[in-house]
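Enquirer: could you look at this predicted model? Sequence included:
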Amino acid sequence: MVQDNGDGQILVFTYDYEAGEDFEVISQLETSTTVRILQTADGEAVPEISQPDEYVGHVVRYQVDGGPVSPTTLMFIRGGTISSGDSATLGEEATMFSPTLNLLSTDVS
């Protein structure tokens, strides 16, 4: 379960967003990996993310029924915590957060 510190933020890539789907946290990314992903290909910061090291990246797997393998994707959290093995549900609504990085902002429950 995600523990929100009040100003938490959940980011997912637009092409991986599955509204209302349950997911399980598989592992946490190293900080250096998260920082590289949250920058442009040239290593530049985007206006929406001034401090990419404030985010914690995670590998998550959707718990979708009916498929041989559930989709795996990345999720970035700022102002909250979640641990490997935790499960939660992605929010039903999302807003565009960073068009440059193709990231949406949503919530989890």
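Expert: Sure thing, it's come through. Residues are numbered from 1 along each chain as shown.

Enquirer: all helices for this structure, in order.
Expert: 31-37 (DSSP state H).

Enquirer: so where do the strands sit in it?
Expert: For the chain, the strands defined by DSSP state E occupy 3-13, 22-28, 56-62, 72-81, 87-89, 95-98, 103-106.

Enquirer: closest to Asp42 out of the ones you listed?
Expert: Smallest distance to Asp42 across the strands of the chain (C-beta to C-beta): 15.0 Å, for strand 95-98. Yep, even glycine has a C-beta here, placed from its N, CA and C like the rest.

Enquirer: low-confidence stretches in this protein?
Expert: Filtered on pLDDT under 70, the chain yields the residue ranges 1-8, 64-69.

Enquirer: quick check: bridge partners of the residue positioned nearest the centre of the chain?
Expert: Centroid check for the chain by C-alpha atoms, centre = their mean gives Met75 as the closest residue, at 1.7 Å. Listed by DSSP bridges, the beta-bridge partners for Met75 are Val12, His58.

Enquirer: that one against Ile10, yeah?
Expert: Yes - Met75 is within contact range of Ile10, at 6.4 Å (criterion: C-beta atoms under 8 Å).

Enquirer: please enumerate the shared neighbours of the two.
Expert: The contact sets of Met75 and Ile10 do not overlap (C-beta atoms under 8 Å, 6 or more residues apart in numbering).

Enquirer: rewinding a little: now tabulate the strands of the chain in CSV and tack on distance to Ile49.
Expert: As requested, the strands of the chain are arranged in CSV below (distance: least, C-beta to C-beta, whole Å):
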stretch, distance to Ile49
strand 3-13, 9
strand 22-28, 18
strand 56-62, 12
strand 72-81, 9
strand 87-89, 22
strand 95-98, 7
strand 103-106, 9
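
Enquirer: which one of these lies nearest to Pro47?
Expert: Each of the strands of the chain has some distance to Pro47 by C-beta to C-beta; the shortest is strand 95-98, at 8.2 Å.
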